[in-house]
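here's my sequence, what's the structure:
(one chain, ligands or ions: 1)
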Amino acid sequence: MTVDKIIIKTITERDIPFCMELKNAAGWNQLEQDWKRLIELSPLGCFTAQLHDGTIVGTATTVSFEDKFGWIGMVLVDPNQRKMGIGTALMNACIEYLKPRVKVIRLDATPMGKPVYERLGFKDEYILARYKGTGSSFPATTVKKISSKELPNILAFDKPIFGADRSNWLSRVFQESPDNCFFIEESGKIQGFIMSHPGTKAWYAGPLTANDLTSAEKLLKAVLSSLPGKEIFIDPLTNNKTFTGLLQNVGFTEERILTRMFLGENLYPGTPEKVFCIAGPEAG
Ligand SMILES: CC(C)(COP(=O)(O)OP(=O)(O)OC[C@H]1O[C@@H](n2cnc3c(N)ncnc32)[C@H](O)[C@@H]1OP(=O)(O)O)[C@@H](O)C(=O)NCCC(=O)NCCS
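Residues are numbered from 1 along each chain as shown. Purely as a prediction, here's the structure:
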């Protein structure tokens, strides 16, 4: 087969079971609801690569944050159909979709994806690591559960740290798992927050954004306490050695590396020193 034998189409909800098969083949953690969230937010910007008989052999998704930057995620190709240009064709569809809509395109690359993205012009921003651990109880602190009342303040706190408004993404994650999302405030000012949501293999904790390490530690421990005995994935920035050291102290171990990359001029990097953990490779 050559790449001209595939058709790029937008993903529909009917495609999700086939997308899940590709996702499972790669050993990833997303649930059907994660695909649904992406399709809802970007109905014309999420793609499948299909053979002429309709077999889905690849996927890639986008989500846009204002007109500032777009995120490419879920870049997956059937293990039997790799190294034929399908991944690049899907990337080109995403880039073509995002280019008129945003100023920068960003993504989190696995070691397999990185050379494909480099050839398309993506540059390294920083390194992330996937850590895996188990929830366990810690003494209660001043951390509180997020409610709909505080959500607007939390989203406003997040915006300069992430680099763009991502209310579209975070509001949905919060609504899906409100019992596992926490914030911390001091004198009425938000100091940080953490969200988490379930996955096929483990719970995923993130984003975790905070003004300082002490707040980040309290927020992390609140999530661990809310998920006793459950496996948890989390993706911190590797240059924050104090925080990754803290993760190791609570029993987390590093599983793999991801590289955050960008295409164009990186105009909206946010405040990485306050990003303790990302929201997920599919959306930043
Ligand atoms: C990463 C991934 C999506 C790439 O998909 P792909 O369809 O193999 O990508 P392409 O075929 O466009 O490019 C892959 C390689 O094949 C080469 N290639 C493309 N067409 C080719 C052809 N006709 N003949 C020989 N080689 C070819 C490319 O030059 C590229 O080489 P490189 O690996 O040395 O950079 C795929 O490996 C995958 O699904 N991996 C698991 C999930 C994953 O890690 N996804 C990335 C998330 S960030």
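
would you mind naming what in the chain lies close to the ligand?
Contact residues (CB under 6 Å from any ligand atom) of the chain with the ligand: 26, 75-77, 82-88, 109-110, 112-113, 115-116. For glycine as for every other residue, the C-beta is placed from the backbone atoms N, C-alpha and C.

out of those residues, which are buried?
26, 75-77, 84-88, 109-110, 113, 116 (16 or more other CB atoms under 10 Å).

so what pLDDT did the residue in the stretch 51-200 of the chain that the ligand sits nearest to get?
Residue nearest to the ligand within the stretch 51-200 of the chain: Gly87 (2.4 Å; CB to the nearest ligand atom). On the pLDDT scale, Gly87 is placed at 98.

element containing it?
helix 86-98 (DSSP states H and E).

quick check: what element follows that helix along the chain?
strand 104-109.

and the next helix or strand past that next one?
Immediately after strand 104-109, counting by DSSP H and E, sits helix 114-119.

grab the nearest non-local neighbour of Thr48.
Ile56 (4.8 Å; CB to CB, 6 or more residues apart in numbering).

state the number of residues packed around the closest residue to Glu217 other than its chain neighbours.
In space, and not counting its chain neighbours, Glu217 is closest to Leu246: 5.9 Å by CB to CB, 6+ apart. Counted by other CB atoms under 10 Å, the residues lying close to Leu246 total 18.

next SSE downstream of the helix or strand hosting Leu246?
Using DSSP H and E, Leu246 maps to helix 241-249. On the C-terminal side of helix 241-249, the closest following helix or strand by DSSP H and E is strand 253-263.

returning to what we had before: from memory the residue of the stretch 51-200 of the chain closest to the ligand sits against Asp78, does it?
No: Gly87 is not in contact with Asp78 according to CB atoms under 8 Å; the separation is 10.5 Å.

which residue ranges make up each domain of this structure?
Under automatic domain parsing, the residue ranges defining each domain of the chain are 3-102, 130-277.

the nearest residue to Phe174 once chain neighbours are set aside: what's it in contact with?
Nearest residue to Phe174, sequence neighbours excluded (CB to CB, 6+ apart): Cys181, at 5.2 Å. Cys181 makes contact with Lys145, Ile146, Val173, Phe174, Phe193, Ile194, Met195, Ser196 under the criterion CB atoms under 8 Å, 6 or more residues apart in numbering.

redo these as a markdown table? Include pLDDT.
As requested, those are arranged in a markdown table below (pLDDT from 0 to 100):
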| residue | pLDDT |
| --- | --- |
| Lys145 | 97 |
| Ile146 | 97 |
| Val173 | 96 |
| Phe174 | 97 |
| Phe193 | 98 |
| Ile194 | 98 |
| Met195 | 98 |
| Ser196 | 97 |
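
contacting residues around the residue of the stretch 51-200 of the chain closest to the ligand?
Gly58, Ala60, Val75, Val77, Gly113, Val116.

next secondary structure element downstream of the strand or helix carrying the first one?
For Gly58, the element it lies in under DSSP H and E is strand 56-65. Sequence order places strand 69-77 as the next helix or strand after strand 56-65, per DSSP H and E.

so which elements touch that next one?
helix 16-25, helix 32-41, strand 56-65, helix 86-98, strand 104-109 (3 or more CB pairs under 8 Å, 6 or more residues apart in numbering; DSSP states H and E).

how about the helices in the stretch 101-250 of the chain?
For the stretch 101-250 of the chain, the helices defined by DSSP state H, counting those that start in this stretch occupy 114-119, 151-162, 167-176, 213-226, 241-249.

quick revisit: per-residue confidence at the residue nearest to Glu217?
97.

ok, it touching Lys218?
No: assessed by CB under 8 Å, Leu246 is found out of contact with Lys218, at 11.0 Å.
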